[in-house]
Each structure stands twice: as C-alpha cells, then as structure tokens.
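J.: prediction below, plus the sequence it came from.
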Amino acid sequence: MNTRRKKSFRAVKFTLFVFCYIFWVFSAVLIAVGIYAKVAKESDVVDTLMADPALLLIIVGSLMFTITFFGCFGALRNLSLLLNMFVGILLAILLLQVTAAVLGLMFSEKVQERTEQLMMKAIVRYRDDQDLENVIDFIQKKFKCCGVDSYLDWSKNMYFNASDQNPSLEAYGVPFSCCIRLKNETVFNSMCGYETQKMKKGVVSRLIYTTGCLDEIVWWGKQNLLLVGGMTLVLLCIEICMMSLASVQLRQIRSVQQTRKHNKSKNLCCNRKS
C-alpha cells in the first residue's frame, strides 16, 4: 500500500471511529441517567415504555451503545463483520425512519389520535412516576398549556378528579405547571390551580392556561417546521455519513486483503521458480 492510500485509509478509519465514539459515550450517559432514575424511584413505578422516561432512556441508550460499539470496534480493528453489521443496522433504522415519516404524513389523523391517547394515559398516571410528572410539568410550562385537549382532562387523574367523593386536597384542581405566571411575580403560588375545575371559564382563564397541550405542540411544530425539518435532516445526514465512511473502509479493507493475496501468490510463484 502506497503512502497516499495509507493516509486515506487512516483518515476514513479514524473519522469513523471518532464519530462512533462520540455517540458511544453519549449513549453510555443516557443509560447511566436512565438506570439512576429507575433505581431512585419508589416501588410503585410505571413499567410502560411510553409512560416511563427512565425506561425509554435505558432502551434508546442501550440500542445506541450496541450500534456504536460495532462501529467503534469495527473501525479500530478493521473487522469487516462488525462494520457490515453496523452498516446493516443503520440502513434498517434509516429505512424505518423514512417509512415512519411517509406513514405519518399519509395517516396524520391516526398519528394525532394515537398521540392523544398516549398523552391522556400519561395524565392518568401523573403522580405515579416522578420522571413522568417532571416531563408533563415541563411540557405544560414550555408550551403554556394544560391537559391534552383542555384543562378539564385533569379530572381523569385520581388526584385531580372533579368529584365530591374524591378525598384528595387537589380535587377539582390542576397541577401548578398549568398556572399563568406574571412577569413581575416574585413569590409563586403553587396552589394557584386548586379547585379551578369548579370555576367559570372566564375566571379560570385568568389563573391557568386552558388550551390543551396537543394543539399547542402541533401549532409549535407547524410554526417551527424549518427547525424540526432541519434537525431531522441533520440526523439523517449523520447516519448516511457514518454508513458511507463504514462502506468506504470496508472497500479499503477488501482492497488491502486482495493486494496481500496477490502479493502472496506472486511470492509463491517466484519461490517455486527459484
């Protein structure tokens, strides 16, 4: 192998390794955070994937860790088997992403309906899981919304249920994350959502956000279509780039192996003649 080909081989090899290593470390952090959150929970944890952020972190992190391990070790040790597995898995994920995007556009109403069901399920399980509670509070504060379709969705939660038989102190109320915060407010009233389901809508709208989070998230997605599309495109480009680098390295490995076989057979022929 001449000097130019050696430099090219090393450039591809270490570029792929660095890419994979960064994602490998990131996936390890995801797993660690997920495990810590899972262990720190109480005994009555939520074990449903879509309703348990800690479990979701562990599964996504483990998948990323395995894939990037194939890429890291395969690139560093020039192992064709691992690199082929790396390319194959990334190609399968890429095809699944494209398929999901196409199906999402074709069946947007079904996707929205399914999303609504999952969000409603999360509201029902609010307070059962600390991580889930934090996620819902973040979404409601970020998008300035309350519930899925409206603030009245919180009646489906056992703690906020609008019923005289509900012994909870939070009955007829909504979480504090639904509350409208004033710019000049120095002390936040965490009880501002109490008994808001009993009040008239004109009064309620001055205390809490009454719009559902589903509509707000959809509206935000439409308003930030370029941002969402750009982030998706960047992710796809990274995947394609890593697949391309792995494919180039595989081709280089085959080329080196063929050159060695040719030189070996040439040396054997020379030895026989001598």
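T.: Structure received. Remember, it's a predicted structure, so these values are computed and weren't measured experimentally.
J.: am I right that residue 174 sits in a strand?
T.: No. The secondary structure assignment for residue 174 gives coil rather than a strand, going by DSSP: H, G, I helix; E, B strand; the rest coil.
J.: elements contacting the helix or strand hosting residue 255?
T.: Using DSSP states H and E, the element containing residue 255 is helix 225-273. Where contact means 3 or more CB pairs under 8 Å, 6 or more residues apart in numbering; DSSP states H and E, helix 225-273 is packed against helix 3-40, helix 53-77, helix 80-106. (Each C-beta comes from the backbone N, C-alpha and C, glycine too.)
J.: indicate which one of those helices is closest to residue 165.
T.: Distances from residue 165 to each of the helices and strands packed on helix 225-273 were compared by CB to CB, and the smallest falls on helix 53-77, at 31.8 Å.
J.: tell me which residues of that closest one come out buried.
T.: For helix 53-77, the neighbour count (16 or more other CB atoms under 10 Å) marks 53-58, 61, 64-65, 67-75 as buried.
J.: and the pLDDT at the residue nearest in space to the middle of the chain?
T.: Central residue of the chain (CA atoms, centre = their mean): residue 60, 7.1 Å from the mean position. In the predicted model, residue 60 carries a pLDDT score of 89.
J.: distance check, it against residue 37.
T.: The gap separating residue 60 from residue 37 is 13 Å, by CB to CB, to the nearest Å.
J.: for this structure, give me the ranges with low pLDDT.
T.: Per-residue confidence for the chain (pLDDT under 70) gives these ranges: 1-2, 41-52, 185-186, 262, 265-274.
J.: apply 80 and report the result again.
T.: Per-residue confidence of the chain (counting by pLDDT under 80) places the weak regions at 1-6, 37-54, 104-105, 129, 131, 182-190, 259-274.
J.: pretty sure the residue nearest to the centre of the chain sits against residue 33.
T.: No. Residue 60 lies out of contact with residue 33 (CB atoms under 8 Å); the separation is 11.0 Å.
J.: wait, what's in contact with residue 218?
T.: Neighbouring residues of residue 218 by CB atoms under 8 Å, 6 or more residues apart in numbering: residue 112.
J.: now it: which helix or strand?
T.: helix 213-223.
J.: gap between that helix and the chain center?
T.: For helix 213-223, the separation from the chain centroid amounts to 18 Å (computed by CA atoms, centre = their mean, to the nearest Å).
J.: how close does the residue nearest to the centre of the chain sit to residue 22?
T.: Distance, residue 60 to residue 22, using CB to CB: 16 Å.
J.: residue 217 now?
T.: With the distance defined as CB to CB, residue 217 ends up 30 Å from residue 22.
J.: so those two - more neighbours on which side?
T.: Comparing residue 217 with residue 22 by neighbour count (other CB atoms under 10 Å), the higher total belongs to residue 217, at 16 against 12.
J.: surely that one touches residue 143?
T.: Yes. Proximity of residue 217 to residue 143 meets the contact threshold set by CB under 8 Å, at 6.1 Å.
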